[in-house]
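Novice: Structure for this input, please:
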Amino acid sequence: MLRFVLFAAAAASLLPASAALADTPAVSRVEVVIGPDLAAKADKLGQREFDYLARDLKRAVERRLERAGGLTASGGRLRLVIDDAVPNRPTPLQLTSKPGLSMESFGNGGARVSGEYVSADGVSTPIRYRWYETDVWQAQYAATWSDASLAFDRLARRIEDGQFVKD
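Specialist: Numbers count the residues shown, from 1 in each chain. I've put the predicted structure just below:
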């Protein structure tokens with residue numbers, strides 16, 4: 001066992017310290033806004049839901065960047081726009097405005113996000129990502145924004161890896 005521990009420590013010391021950070025962009029600020037198409041649905045979904053979605057996306061991206069060492073004061077700016085989000089379950093506003101809905105109602109959800117990453121030296125890189133669940137089987141166990149949250153987590157992982165565009 002001691003031999004394995006020593007071997008693992010020696011192997012880890014051979015890797016350059018920056019190997020894990022090679023593709024992670026340096027970001028000083030993450031800004032998340034709601035796109036005009038989604039904002040037009042405020043009377044159907046509720047403004048409170050947009051605040052939740054923006055917070056969720058920002059938290060997911062910042063957590064990934066911080067873990068990878070990409071969240072730094074000298075980094076660039078990451079601006080993300082939530083263009084579309086589909087809930088798995090009815091939002092509170094939908095429940096009150098449509099009598100036939102209940103919290104037992106469910107469906108597939110997901111999200112579409114765009115934006116740009118502007119590096120510290122001014123180079124702009126577009127960001128596009130979308131993911132919608134296609135299998136309704138898991139939706140019966142989901143909360144209101146489970147699939148949208150999963151889409152945000154997947155986007156955050158891609159940003160951490162320096163992959164900004166996936167259609």
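
Novice: could you pull out the helices for the protein?
Specialist: 2-14, 36-39, 42-45, 47-68, 92-97, 146-160 (DSSP state H).

Novice: looking at those helices, which is closest to Val86?
Specialist: Closest to Val86 of the helices of the chain, according to Cβ to Cβ: helix 146-160, at 7.0 Å. C-beta here means a position set from N, CA and C on the backbone, and glycine is covered the same way.

Novice: could you redo the helices of the chain as TSV and give each row distance to Arg79, mean neighbour count and mean pLDDT?
Specialist: Formatted as TSV, the helices of the chain follow (distance: least, Cβ to Cβ, whole Å; neighbours: other Cβ atoms under 10 Å; pLDDT from 0 to 100):
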stretch	distance to Arg79	mean neighbour count	mean pLDDT
helix 2-14	36	8	45
helix 36-39	15	14	96
helix 42-45	21	14	93
helix 47-68	11	18	96
helix 92-97	27	14	91
helix 146-160	12	22	96
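
Novice: does Thr91 really touch Thr144, like I thought?
Specialist: Yes - at 6.1 Å, Thr91 counts as touching Thr144 under the criterion of Cβ atoms under 8 Å.

Novice: Spell out which residues are contacts of both of the two.
Specialist: Glu49 (Cβ atoms under 8 Å, 6 or more residues apart in numbering).

Novice: Go through stretch 115-127 and flag the buried ones.
Specialist: Neighbour counts using 16 or more other Cβ atoms under 10 Å place 115-118, 127 of stretch 115-127 among the buried residues.

Novice: what's the distance between it and the middle of its chain?
Specialist: 17 Å (Cα atoms, centre = their mean, to the nearest Å).

Novice: One more: stretch 41-52?
Specialist: 18 Å.

Novice: Start and end of it, how far apart?
Specialist: 15 Å (Cα to Cα, to the nearest Å).
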